[in-house]
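> below is the sequence, then the predicted model.
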Amino acid sequence: MLPAEPPQPPASVTAPVALVEAAPAAERPERMNRSAVLWVALAIFAQESVWNFYDAQVPAQLRQFVSSATVIGLIMGLDTGLGVIIQPWTGLISDRLARSRTGRWPIVVAGACVAAVPFALIPWATGLPMLMLCIFAFGLTANSFKGVTETLVSDYVAPQQRGRAQGFIKAGVSLTIIVSALISLLVVDHSLKAAFAIPPVLMVVMVALSYCFLGRRHPTALRREDTGTRTGTDTDQADPLSSPWAVLKDLVREPSRARLLLMAGIFCFAGMWAALRSLTTPYGTEVLGMTRGAAGGIALPGAIAFLVCVVPLAYLSHRLGELRMIRYGIALFVAGLLVGFAEPTPAFTAASVAIASIGYAVFSVNGLVALWGLAPNNRVLGAYTGLYTVASASGMALGPALLGATVDLTGWRYMFLNAAVLGAVTFAVFTLVARRAGRPLAAAS
């Protein structure tokens, strides 16, 4: 029989891993701070609107000076490389600021104001060197606060409610695609300079509003696990995880390897999703005989399915646990791919992508929350947000190439089957994560 109060495992070895799996309703009495979620979502929506417009219009701007699609692709991947380098560092700096009176907000507010300038100057560039300077400056400054903004959820929302909060935030973020499309449709052809000015102005205004409503609450923000993860220690004591290298060393040396495996799972799932998005249009033209425009529209039902399902899935994850729901999501993702492979018609392919999108929505809501749940303490959540970005961005960079290599070997007809096989590997990784995450707790009991 388990003792009434089982001993706690050392904070340096394990995290509150029980939070990642399902917990009894009695242990989840907290109510989600909806106003805080709204303002954090507004700040994230603001920055994602800029990124979506950047991805949609900067390639066309580069085409004025660069004819090679490969070179344009490499330049567009520059921001991903900068994010991999910068975000773990700025995340760790924000973790130190999180315990101050101002919280993480100086990085977010200053970053938004500075990043707005090179973004707005992109259409003013008259040559490739000036355009590259604007692109590099934007990528450097925008990445410096991107992960920090996403980490704000952990400052104002209780751990048990973060999955539900992520559902609302992801639903809002999905609307940025519509905002970007409307600016492109209504403004770009009339005034390119005005079109590039609208997203950064919206970003600065929305971030400022979020700071006005949330920045004043920061001294009393909900961070009650700060003391729980450091029981028996002085809160002013030097933190052993004081640099990205220390965080990485702790990640690698953690006995169960659950965090490292979770990073691998994030890499795999993000890569498969990026691959599916990148190769569905050529699949439609090569296998289904569709036009380029019609093949590009295959993704529309998936976008609608994501938007409709993401919030209910977040509530369901709150009841069942993040890792369990991610495994269900991967299973649904694979099932959708198999539907597309079984019946290669436009209707079944669109249904296949929609089913897979719902599976990805489960991961989108729970991936970062699961990694936060396995963090060694609450003082490195910003750094772990950066690590999440490293894993997902690396997967998104390599996933399309990996799936494309399998297509070269087997042909376009088998693309969905190849993706399903890779998805099954991802399912196996997350199953191992779930087992490893529960092992330290079981040992402690």
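Received the coordinates, thanks. Numbers count the residues shown, from 1 in each chain.

> could you say what helices and strands the helix or strand where P400 lies packs with?
Taking DSSP states H and E as the criterion, P400 maps to helix 381-410. Applying 3 or more C-beta pairs under 8 Å, 6 or more residues apart in numbering; DSSP states H and E, we find helix 381-410 packed against helix 78-97, helix 128-156, helix 244-253, helix 258-286, helix 346-373, helix 415-444. (Glycine included, C-beta is placed from N, CA and C.)

> isn't L432 right up against A264?
No - when contacts are counted by C-beta atoms under 8 Å, L432 is not listed as touching A264 (9.2 Å).

> I'd like to know which of the helices and strands packed on helix 381-410 lies nearest to L209.
Nearest of these to L209, taken as C-beta to C-beta: helix 128-156 at 13.5 Å.

> pLDDT averaged over that closest one - what is it?
For helix 128-156, mean pLDDT is 85.

> what residues of that helix count as buried?
Within helix 128-156, the residues scored as buried using 16 or more other C-beta atoms under 10 Å are 131-132, 134-135, 137-156.

> got the domain ranges for the protein?
32-220, 244-444 (automatic domain parsing).

> name the nearest residue to A356, sequence neighbours excluded.
The shortest distance from A356 to any non-neighbouring residue, by C-beta to C-beta, 6 or more residues apart in numbering, is to G336 (3.7 Å).

> revised request: answer the last question for L300.
L300's closest residue in space is A350 (C-beta to C-beta, 6+ apart), at 7.8 Å.

> still on that earlier bit, okay, and the residue nearest to A356 sits in which element?
Assigned by DSSP H and E, G336 falls in helix 322-342.

> who does that helix touch, helix- and strand-wise?
Using 3+ C-beta pairs under 8 Å, 6+ apart as the test, helix 322-342 ends up in contact with helix 258-286, helix 300-320, helix 346-373, helix 415-444.

> kindly recompute the last result at 7 Å.
Applying 3 or more C-beta pairs under 7 Å, 6 or more residues apart in numbering; DSSP states H and E, one finds that helix 322-342 contacts helix 346-373, helix 415-444.

> buried residues in the first one?
For helix 346-373, a neighbour-count test (16+ other C-beta under 10 Å) marks 349-373 as buried.

> next, the angle from it to helix 415-444.
20 degrees (axes from the mean of the first three to the mean of the last three C-alpha atoms, to 10 degrees).

> ok, the nearest residue to A314 once chain neighbours are set aside - contacts?
Sequence neighbours aside, G167 is the residue nearest to A314 in space, at 2.3 Å (criterion: C-beta to C-beta, 6+ apart). By C-beta atoms under 7 Å, 6 or more residues apart in numbering, the contact set of G167 is V310, V311, L313, A314, Y315, V365.

> which one of these sits in the busiest neighbourhood?
V365 (33 neighbours; other C-beta atoms under 10 Å).

> pretty sure it sits against I169.
No - using C-beta atoms under 7 Å, V365 makes no contact with I169, being 8.8 Å away.

> on the three-state scheme, G289 is what?
Secondary structure state of G289, per DSSP: H, G, I helix; E, B strand; the rest coil, is coil.

> how many neighbours does it have?
For G289, using other C-beta under 10 Å, the count is 10.

> and it, what pLDDT?
pLDDT, read off for G289, is 85.

> where in the stretch 151-300 of the chain is pLDDT low?
159-163, 166, 174, 177-178, 181, 185, 215-248, 250-252, 292-293, 296 (pLDDT under 70).

> can you get me a residue count around T410?
Neighbours of T410 using other C-beta under 10 Å come to 12.

> tally up the residues packed near the nearest residue to it once chain neighbours are set aside, please.
Leaving aside its chain neighbours, T410 sits nearest to N418 (6.2 Å; criterion: C-beta to C-beta, 6+ apart). Using other C-beta under 10 Å, N418 has 21 neighbouring residues.

> show me what contacts N418?
Residues near N418 by C-beta under 7 Å, 6+ apart: L403, T406, V407, T410.

> make it 10 Å
A275, L337, F341, L402, L403, G404, A405, T406, V407, L409, T410, G411 (C-beta atoms under 10 Å, 6 or more residues apart in numbering).

> which one (most neighbours) among the residues you listed?
Most surrounded of the contacts of N418: other C-beta under 10 Å gives L337, at 27 neighbours.

> got the contact list for it?
Applying C-beta under 10 Å, 6+ apart, we find L337 in contact with 272, 276, 352-353, 355-356, 359, 415-424.

> next, the contact list for the nearest residue to it once chain neighbours are set aside, please.
Leaving aside its chain neighbours, L337 sits nearest to A420 (4.0 Å; criterion: C-beta to C-beta, 6+ apart). A420 sits next to M272, F333, V334, A335, G336, L337, L338, V339, G340, F341, A356, Y414 when contact means C-beta under 10 Å, 6+ apart.

> surely the last one touches F341?
Yes - under the contact definition of C-beta atoms under 10 Å, Y414 touches F341, with a separation of 7.3 Å.

> so what sits against both of L432 and A264?
Listed contacts common to L432 and A264 are R257; contacts here mean C-beta under 10 Å, 6+ apart.

> so the residue nearest to T410 versus Y156, what's the distance?
Distance of N418 to Y156, computed by C-beta to C-beta, to the nearest Å: 42 Å.

> right, and Y54 touches A120 too?
No - if you go by C-beta under 10 Å, Y54 and A120 don't touch, sitting 11.6 Å apart.

> what do these two both touch?
With C-beta under 10 Å, 6+ apart as the test, Y54 and A120 both reach F138, F196, P199.

> surely the first one touches A112?
Okay, so that is F138. No - proximity of F138 to A112 does not meet the contact threshold set by C-beta under 10 Å, at 11.6 Å.

> for the closest residue to C268 other than its chain neighbours, what are its contacts?
Leaving aside its sequence neighbours, C268 sits nearest to T426 (C-beta to C-beta, 6+ apart; 4.0 Å). By C-beta under 10 Å, 6+ apart, the contact list for T426 reads 264-272, 326-327, 330, 333-334, 363, 395.
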